[in-house]
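S.K.: coords please:
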Amino acid sequence: MTVKQVKRQVYLIPGQSAFLAATSLALGHKLLYKTGIEGIGTACLLAQSAVIVFRPLWRKLVHNKKAG
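M.R.: Numbering: from 1, shown residues only. I've put the predicted structure just below:
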């Protein structure tokens with residue numbers, strides 16, 4: 001989020017925060033019953049990874065689709 005503030009992309013921060021919260025809560029709820037408290041940590045890690053890895057890949061895919 002701090003990188004987005006520096007790049008003046010502040011408009012993306014609420015959506016990113018909402019996605020992280022919803023994903024963490026949904027995965028955490030599922031994993032809590034299966035693995036206990038470790039499931040909450042795993043859910044947070046997976047949600048952060050989704051934002052870090054999949055968003056740039058999605059942007060690249062959409063950009064290539066528009067160009068081609």
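S.K.: Can you classify the residue most central in space within the chain by secondary structure?
M.R.: Nearest to the mean C-alpha position of the chain, counting by CA atoms, centre = their mean, stands V51 at 3.0 Å. Put simply, V51 is helix when judged by DSSP: H, G, I helix; E, B strand; the rest coil.
S.K.: Isn't it up against L20?
M.R.: Yes: using CB atoms under 8 Å, V51 is in contact with L20, at 6.3 Å. (Glycine included, C-beta is placed from N, CA and C.)
S.K.: Low-confidence ranges, the chain, go.
M.R.: Confidence mapping of the chain against pLDDT under 70 gives the ranges 1-7, 67-68.
S.K.: just so I have it, where are all the helices in this protein?
M.R.: Counting by DSSP state H, the chain has these helices, from start to end: 2-6, 13-35, 37-49, 55-67.
S.K.: Sweet, I'm off.
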